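J.: Sharing a model prediction with you, sequence too.
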Amino acid sequence: MIRLLTPILLISSYVFAGPTLETRQSPSIKQAVGTWQFKGCYKDFGPRILTFRYDVPAGNNAERCTALCASHGYGLAGLEYGTECWCDNYLPYGDLMPNTDCSFACPGDASELCGAGNRMVIYQNSAATPPSTSACINWRDGFTFGNTVLYAVPKTPGAGPTTKLYAIPTNPFVDPIYYSIISTCPAGCPYTDYYNFGIVDGVLTSYNNRVLPPNVGDSQAFIFTWPQPGPGYNQYCAKPNPISPDGPFIGNPLLSVNGNTNAWGLCPNSTANGRLDIVYSPVANHNHYSKSQCQDVYIQINPYA
């Protein structure tokens, strides 16, 4: 007898991955919170790029940090290292970094990013009153501008190059008293390392040289004697930059003396092979330059690097 075998059909089971009920998205930087606009992911370093830190007990995120800064009257808010909320009315330093550098999720909202280590997400409030360009940035730590580099910047954007400035001696270092001025270092100049300036307690510093009060028509001068006879003239400060492309709350500040950022000129020195010297309020008929050849400039303060 022939027995017929009933064929068994084996059906393999396949699991197909389909869409979940909840679409999961990677956290991102919130681009706007009301009148607060995202300005970028900035590198933070000491001194901090923003000054005032606040705790966010409910968990840091863009909404809570900007609201906290607004309640204290600040126009800038920064989120760093996930948990940190910072506020200020001016950001004087800080390199703009790729947005991907600000990669820490906010503890108060995992869909948002709150900076990273030494990286700060910056927001600016378009409804806030900008800081006055005639007022010194005097609320920051006293050494915020203590280690800087100075640049001559044409008052009219695009009117010429930005020029690095140096402390150039005017007589030999071996003299018991020698002087230096703020100037440029053209090709062949041996003083290419002499570019460290700063402002501490209102005094413009240049290595161990004592700053002298600016004299109308002359170069900004420093004097070196030993021992040092006091701290020097103390009417210098940093002010917000009115021509900053990132302004009015962000930008490298300007050097002010006697309440004024507008008195500086960059003048070809006819007695020093045309070297460009910084002159305080250039005058006609000077022995070292022609006023008509001077360019009106601001002195911009950059962090030393």
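T.: Cool, the structure landed.
J.: For residue 116, list the residues it contacts.
T.: In this structure, residue 116 makes contact with 80, 81, 82, 101, 102, 103, 104, judged by CB atoms under 8 Å, 6 or more residues apart in numbering. In short, each C-beta sits where N, CA and C put it, glycine included.
J.: The residue lying closest to residue 45 once chain neighbours are set aside and residue 148, how far apart?
T.: Closest residue to residue 45 apart from its sequence neighbours, by CB to CB, 6 or more residues apart in numbering: residue 118 at 6.5 Å. Applying CB to CB, to the nearest Å, the value for residue 118 to residue 148 is 20 Å.
J.: Could you list the low-confidence segments of this structure?
T.: Across the chain, the ranges flagged by pLDDT under 70 are 1-24.
J.: quick one: the helices in it?
T.: Counting by DSSP state H, the chain has helices at residues 62-71.
J.: Settle it for me: which of residue 118 and residue 148 has more neighbours?
T.: Just comparing residue 118 and residue 148: by other CB atoms under 10 Å the higher neighbour count belongs to residue 148, 25 against 15.
J.: Would you mind measuring the gap between the ends of stretch 117-132?
T.: Start-to-end span of stretch 117-132 (CA to CA, to the nearest Å) is 31 Å.
J.: which residues make contact with stretch 181-198 from outside it?
T.: With CB under 8 Å, 6+ apart as the test, stretch 181-198 has contacts from 145-150, 152, 163-170, 180, 204-207, 219-222, 269, 273, 275-278, 299, 304.
J.: Same check on stretch 209-218?
T.: Residues outside stretch 209-218 that contact it (CB under 8 Å, 6+ apart): 167, 180, 203-205, 220-225, 228-233, 235-236, 257-258, 263, 279-283, 286.
J.: and the end-to-end length of that stretch?
T.: Using CA to CA, the end-to-end distance of stretch 209-218 comes to 18 Å.
J.: Show me which residues of it are buried.
T.: Using 16 or more other CB atoms under 10 Å as the test for burial, stretch 209-218 gives 209, 210, 211, 212, 214, 217, 218.
J.: What is the nearest of those to residue 66?
T.: Of all these, residue 211 has the smallest distance to residue 66: 40.1 Å, by CB to CB.
J.: Identify the bridge partners of that closest one.
T.: Note on residue 211: beta-bridge partners residue 222, judged by DSSP bridges.
J.: one step back: from the buried residues of stretch 209-218, which is closest to residue 41?
T.: When the buried residues of stretch 209-218 are ranked by distance to residue 41 (CB to CB), residue 211 comes first, at 36.8 Å.
J.: What distance do you get for the closest one to residue 240?
T.: Residue 211 is 22 Å from residue 240, where distance means CB to CB.
J.: coming back round to it: filter the contacts of stretch 181-198 down to the ones in strands?
T.: Of the positions in the contacts of stretch 181-198, 148-150, 152, 163-164, 166-169, 180, 204-206, 221-222, 269, 275-278, 299 sit in strands, assigned by DSSP state E.
J.: mind listing what the closest residue to residue 90 other than its chain neighbours touches?
T.: Distances taken as CB to CB, 6+ apart put residue 131 closest to residue 90, at 5.1 Å, once the chain neighbours are dropped. Each residue near residue 131 by CB under 8 Å, 6+ apart is listed here: 75, 89, 90, 137, 240, 248, 249.
J.: Go ahead and confirm the fifth one touches residue 250.
T.: Yep, that's residue 240 we're talking about. No: Residue 240 lies out of contact with residue 250 (CB atoms under 8 Å); the separation is 9.2 Å.
J.: list the residues that contact both of the two?
T.: residue 90.
J.: count of residues packed around the residue lying closest to residue 100 once chain neighbours are set aside?
T.: The shortest distance from residue 100 to any non-neighbouring residue, by CB to CB, 6+ apart, is to residue 41 (7.9 Å). Applying other CB under 10 Å, we find 23 residues neighbouring residue 41.
J.: partner residues bridging residue 41?
T.: Residue 41 has these beta-bridge partners by DSSP bridges: residue 97, residue 121.
J.: before we move on, the earlier item: quickly note the distance from the residue nearest to residue 90 to residue 89.
T.: 5 Å.
J.: Same check on residue 291?
T.: Between residue 291 and residue 89 the distance is 37 Å, computed by CB to CB.
J.: cool, and residue 226?
T.: Separation of residue 226 from residue 89 (CB to CB): 41 Å.
J.: cool, residue 242 as well?
T.: Using CB to CB, residue 242 is found at 15 Å from residue 89.
J.: neighbour count winner among the two?
T.: Neighbour tally, residue 242 and residue 89, criterion other CB under 10 Å: the higher count belongs to residue 89, 25 against 16.
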